[in-house]
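*Asks:* Sequence and predicted structure are below.
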There are 2 protein chains.
Amino acid sequence: MTPSAKVDQQHSMEPRDHGQHDHGACVLSALERARTAFGDKGIKLTPLRQRVFEEIAGSHDALGAYEVLDRMARKSGERLAPISVYRAIDALLAAGVVHRIESKNAFFACHAPHQGQERHIALVCERCQTVIEVSGADIFAAMETASAACGFKLSLAVAEGSGLCPACATLPTIAQATGMVTQP
Amino acid sequence: MTPSAKVDQQHSMEPRDHGQHDHGACVLSALERARTAFGDKGIKLTPLRQRVFEEIAGSHDALGAYEVLDRMARKSGERLAPISVYRAIDALLAAGVVHRIESKNAFFACHAPHQGQERHIALVCERCQTVIEVSGADIFAAMETASAACGFKLSLAVAEGSGLCPACATLPTIAQATGMVTQP
DNA sequence: TACCGAATGATACATCATTGCATTAACGGG
DNA sequence: CCCGTTAATGCAATGATGTATCATTCGGTA
Ligand SMILES: [Zn+2]
Ligand SMILES: [Zn+2]
Ligand SMILES: [Zn+2]
Ligand SMILES: [Zn+2]
């Protein structure tokens, strides 16, 4: 990846928010759920943790820890040590309000209810980077079945995917119609 | 993880090979399958790629790229640049003879036939580190179903697990019987 | 021979994450 | 209020993982 491409990837010019979606309200409600989750678990939602959470929830992307760091530094002018962000993220993970995407070494804010103990999987859009969560009960059940069938005692399961989100999945037809090609 | 624990994790004192298993033959057959896979795909199995593959296949663990590097350096006395190992691993991945475990940033040699297009998932033993592959057709089908149900066009799916392999899963009963405790 | 493309070597750098220890904030019992 | 305890943060260094860039080598080929 070239340095210039890297700049373009700061998630600023992405085709996020395909029209609808009140983002201010979306972030506020995420924050409210976070307060509840921290309260329920007896963990403290400190100012630092809240700032980190707002940064992650403020994007619907999965952000790397250093990306969070950069964004916070740009806003406040002060650069935290990486460990501070990692510690805050650990608390957010423990509270269940952010999740980690193993295949990207990145973190995203949970916008799913996770009511009960239902497991979800994360789906990452390759075009707009948006992460969505979908119920994964059948998937984890199948993993349990496949493991048990060979005598493996499964204790931790990871499942995640990437592709095109519903909004982006409809766009390639436009590229085709206009004669756009992917390889010059 | 403590530094001393790190040393213990060099995969040398692990309870690998719970009795049976002719490892020399196992590695040779893996190498033979690798030659075939490279031939089929029109990629060259160069000496460097073969050395890297032997190092990975010689362990039934998933090895990090730098662990491969260290082992090769210990054997030959010459230390490659990391990029050389990564490039070799890229070729091995392309040939399909090793797989990556996203949740560990590590690579293991494929010992499964993968006949046809059948997808497998990797299961990592938390005690002996052995990686096994099991058929994942149902799992990937469930991921496809869950994605399609919400309009997501899935193009890449990751599923992997950790826990206790069949051999290790039978051992904890011994620890219990002898009054062993996990927390002093 | 000259050329080309694939593979490798070599240096430096980028990105991801943790260890260790000092300092500060929060909270409850005297 | 003072003190002791614990959680949280600050700070410096380092470890662990992965890539960019350019030079060199090597095998085939016109
Ligand atoms: Zn939003
Ligand atoms: Zn999208
Ligand atoms: Zn073997
Ligand atoms: Zn085991």
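*Replies:* Looks like it came in fine. Ligands and ions are numbered 1, 2, ... in the order given.
*Asks:* Just give the nearest non-adjacent residue to residue A:141, would you?
*Replies:* Sequence neighbours aside, residue B:142 is the residue nearest to residue A:141 in space, at 7.9 Å (criterion: Cβ to Cβ, 6 or more residues apart in numbering or on different chains). For every residue, glycine as well, the C-beta is placed using N, CA and C.
*Asks:* What residues does that neighbour make contact with?
*Replies:* Contact criterion Cβ atoms under 8 Å, 6 or more residues apart in numbering or on different chains gives A:136, A:138, A:139, A:141, A:142 as the residues in contact with residue B:142.
*Asks:* pLDDT at the third one, what is it?
*Replies:* pLDDT for residue A:139: 98.
*Asks:* if I pick it, what's in contact with it?
*Replies:* Here residue A:139 is in contact with A:119, A:121, A:159, B:139, B:142, B:143, B:146, B:159 (criterion: Cβ under 8 Å, 6+ apart).
*Asks:* Does the residue of chain A at minimum distance from ligand 1 belong to a helix, a strand or coil?
*Replies:* Of all residues in chain A, residue A:26 sits closest to ligand 1, with a separation of 3.0 Å (Cβ to the ion). Reducing the assignment at residue A:26 to three states with DSSP: H, G, I helix; E, B strand; the rest coil gives helix.
*Asks:* pLDDT of the lengthiest strand in chain A, averaged?
*Replies:* Longest strand in chain A by number of residues, with DSSP state E as the criterion: strand A:153-164. For strand A:153-164, the mean pLDDT works out to 97.
*Asks:* Stretch A:114-131 now?
*Replies:* Stretch A:114-131 shows a mean pLDDT of 89 in the predicted model.
*Asks:* can you pull the buried residues of it?
*Replies:* Residues of stretch A:114-131 classed as buried under the neighbour-count rule (16 or more other Cβ atoms under 10 Å in any protein chain shown) are A:114, A:119, A:120, A:121, A:122, A:123, A:124, A:125, A:128, A:129, A:130, A:131.
*Asks:* Out of the contacts of residue B:142, which sit inside helices?
*Replies:* Counting by DSSP state H, the part of the contacts of residue B:142 found in helices is A:138, A:139, A:141, A:142.
*Asks:* before we move on, back to that, partner strands of the longest strand of chain A and their direction?
*Replies:* When pairing is defined by DSSP bridges, strand A:153-164 lines up against strand A:120-125 (parallel), strand B:153-164 (antiparallel).
*Asks:* Report the buried residues of the helix or strand following that strand.
*Replies:* For strand A:153-164, the following helix or strand on the C-terminal side (DSSP states H and E) is helix A:166-169. By neighbour count on 16+ other Cβ under 10 Å, the buried set for helix A:166-169 is A:166, A:167, A:168.
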